[in-house]
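Sequence plus predicted model, see below.
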Amino acid sequence: MNLSRFDDTELVELYKKNPDTSLIEELYNRYSKRVYWWALKFLGNRLEAEEMVHDIFAAMMSGMLDLYQAREGAKFSSWLYRCVGNQCMKIVRKRNEVIFNQVEVVDVPEALIIDLEVEVIAKEWNEQLTNALNRLNQMQRVCCMRFYWDGMRYDEIAEELGITHDQVRSHLQNGLRNLRIIFGRSQGSTRPQKQ
C-alpha cells in the first residue's frame, strides 16, 4: 500500500483501527529528522535527542496516539512537537533535580563561577521565554518557534500549518507584540521581515 498518499491524520486513524507498524514507520520517515532537531535544540545533547526520537515513536506504538484527537484545524505535527517539547522539559527538570541533589561544596575557580552564572542566567531566560511562549495562542506560538528557532520561511510554515502566507505573517506579528507585552517591553523592536 502506498502510504505517502495518506495525510498524517489519516495514518493515525488507520493505525488506531489496525495497529500496523508500517503506518508508524511512515510517520517516522516524515518527522524523525524534525523531532531530532527539535529535541536537540531543547536538550543540547545528541544522544538524548536520538533517544527522544526513539522514545516518541515507540510511545506511539504503545498507545500515545490515542491521545491525539484530530479536531478541526488541529495538525498532527503541532501535536507531535508539543509532545516532544513536554518530554524534553521533563528531561531538563529531572536533569536539574539530579544536579542539585548531588551538589558538593568545593573550591571553584572564578572563571567557572562566571561561566556558571552565565549558564544560570541563560537557563532562567530560557524558562521565562518558554513561559511567555506558552501564554501565546497555539498558532502564534508555533509560528514564532518555527520562524525564530527553526529558521523556517513563511511559505514553509504556511505549508506545514495549512494556512496562508499572510496568516503566518499576522501570527508572527501578533505573537511578537504579545511577547513584548508579556515582557513589558516597548513597541520599538523590529518586526519580522517579509519573505
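Sure, I can see it. All values derive from a computational prediction rather than experimental measurement. Numbering: from 1, shown residues only.

Poorly predicted segments of the protein, please.
Applying pLDDT under 70 to the chain flags residues 65-66, 68-74, 95-123, 185-195.

Please put the alpha-carbon coordinates of stretch 138-147 into PDB.
Taking Å, rounded to 0.1, in the frame of the first residue of the first chain, the C-alpha atoms of stretch 138-147 are listed here in PDB:
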ATOM      1  CA  GLN A 138      -1.100  27.900  19.700                       C
ATOM      2  CA  MET A 139      -0.800  29.400  16.200                       C
ATOM      3  CA  GLN A 140       1.200  32.400  17.400                       C
ATOM      4  CA  ARG A 141       3.500  30.100  19.400                       C
ATOM      5  CA  VAL A 142       4.100  27.600  16.600                       C
ATOM      6  CA  CYS A 143       4.700  30.300  14.000                       C
ATOM      7  CA  CYS A 144       7.200  32.100  16.300                       C
ATOM      8  CA  MET A 145       9.000  28.900  17.100                       C
ATOM      9  CA  ARG A 146       9.200  27.800  13.500                       C
ATOM     10  CA  PHE A 147      10.400  31.200  12.300                       C
END
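
residues in contact with that stretch?
With contacts defined as CB atoms under 8 Å, 6 or more residues apart in numbering, stretch 138-147 is touched by 78, 81, 133-134, 136, 152, 154, 156-157, 160-161, 163, 167-168, 171-172, 174-176, 178-179, 192. The way it works is simple: take the backbone N, C-alpha and C, and place the C-beta from them, glycine included.

The same query, at a cut-off of 6 Å, please.
Stretch 138-147 is contacted from outside by 78, 133, 152, 157, 168, 171-172, 174-175, using CB atoms under 6 Å, 6 or more residues apart in numbering.

Would you mark the buried spots in it?
Residues of stretch 138-147 classed as buried by neighbour count (16 or more other CB atoms under 10 Å): 139-147.

Show me the domain layout of this protein.
Using automatic domain parsing, the domain parsing of the chain gives 1-103, 108-195.

before we move on, the earlier item: identify, from the contacts of stretch 138-147, the entry nearest to K33.
Of all the contacts of stretch 138-147, M152 has the smallest distance to K33: 13.4 Å, by CB to CB.

Can you read off the backbone torsions of that closest one?
Torsion angles at M152 (phi, psi; degrees, to the nearest 10) stand at phi -80, psi 150.

contacting residues around it?
R146.

how close does it get to Q140?
15 Å (CB to CB, to the nearest Å).

picking up where we left off before, among the buried residues of stretch 138-147, name the ones in strands.
Using DSSP state E, no member of the buried residues of stretch 138-147 sits in strands.

Which strand or helix spans V12?
helix 8-17 (DSSP states H and E).

contacting residues around the first helix or strand past that helix going along the chain?
Of the helices and strands lying after helix 8-17 in sequence (DSSP H and E), the nearest is helix 21-43. Residues from elsewhere that reach helix 21-43, judged by CB under 6 Å, 6+ apart: 3, 11, 14-15, 49, 52-53, 56-57, 60-61, 81, 84, 88.
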